[in-house]
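Chemist: coords please:
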Amino acid sequence: MEKNIKRDGVDKAFNIKVEKQFLHPEYFINLEQQELIGDTGLLKILELKSSNSQKPNFIARWDKNKDTIDVDIYNTDIDAKKRFLTRKKGYEGHRPELVDTNNRTFKIFISILGEKIYKGTVFFNINISMHPSAGKLEVTRAAVNLKNTSNKSDRDT
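Modeler: Predicted structure coming up:
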């Protein structure tokens, strides 16, 4: 029976809660994320936008390959993007720290050129879709082991 189940993965984030300890005065938090994963595979958790068009913006998104969130930098040049990804020359924040696995809570700290942009935590739930041959199964928040660990056959249950 297990071979008939296809895990499609995370398709939705919800119940997003942001606790900010610091937010640069030229930035604001945009929580108008897409609730469902987009056609490109992007699932936004939160966005930091600047009122100054010369400053970069940031999107915290679900990384389906690593089962975590990543923060990406936008509205800037390729060199700044590389520094942000590799934590060089005062840029950091691409990899938030998972501080509570049970409640999916991440600590985020973002800085550019040594200037603090954001410090805080984000908590959210995720929806994992699976498609058994007979229909769709959705699992929310918790990991589930779908293996049949009993000695009973499917007919005995």
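Chemist: what residue lies at the spatial centre of this structure?
Modeler: Geometric centre of the chain, nearest residue: residue 62, 2.7 Å, by CA atoms, centre = their mean.
Chemist: does it really touch residue 46, like I thought?
Modeler: No: applying CB atoms under 8 Å, one finds residue 62 not in contact with residue 46, separated by 11.1 Å. Backbone N, C-alpha and C define where each C-beta goes, glycine included.
Chemist: can you give me the helices for this protein?
Modeler: Here the chain has its helices, by DSSP state H, at 78-86.
Chemist: Let me see the ranges of the strands in it.
Modeler: According to DSSP state E, the chain carries its strands in the segments 5-23, 27-30, 44-50, 57-63, 68-74, 97-100, 105-112, 115-132, 137-140.
Chemist: nearest to residue 84, of these?
Modeler: strand 68-74 (4.5 Å; CB to CB).
Chemist: Give me the contacts around that closest one.
Modeler: With CB atoms under 8 Å, 6 or more residues apart in numbering as the test, strand 68-74 has contacts from 45, 56-63, 80-81, 84, 91, 93-96, 98, 106, 108, 110, 112, 122.
Chemist: Just the pLDDT at the nearest residue to residue 89 once chain neighbours are set aside, thanks.
Modeler: Spatial nearest neighbour of residue 89, excluding adjacent residues (CB to CB, 6 or more residues apart in numbering): residue 83 at 5.1 Å. On pLDDT, residue 83 comes in at 96.
Chemist: What is the burial count for residue 83?
Modeler: Residue crowding around residue 83 was assessed by other CB atoms under 10 Å; the count is 20.
Chemist: Residue 9 now?
Modeler: Residue neighbour count, defined by other CB under 10 Å, stands at 17 for residue 9.
Chemist: And residue 69, by the same measure?
Modeler: By the criterion of other CB under 10 Å, residue 69 has 23 neighbours.
Chemist: How about it: which residues does it bridge to?
Modeler: residue 62 (DSSP bridges).
Chemist: Save the strands of the chain as TSV, and put in mean pLDDT too.
Modeler: As requested, the strands of the chain are exported to TSV (pLDDT from 0 to 100):
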stretch	mean pLDDT
strand 5-23	77
strand 27-30	94
strand 44-50	92
strand 57-63	91
strand 68-74	93
strand 97-100	92
strand 105-112	96
strand 115-132	84
strand 137-140	56
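Chemist: Having no further points to raise, I will conclude here.
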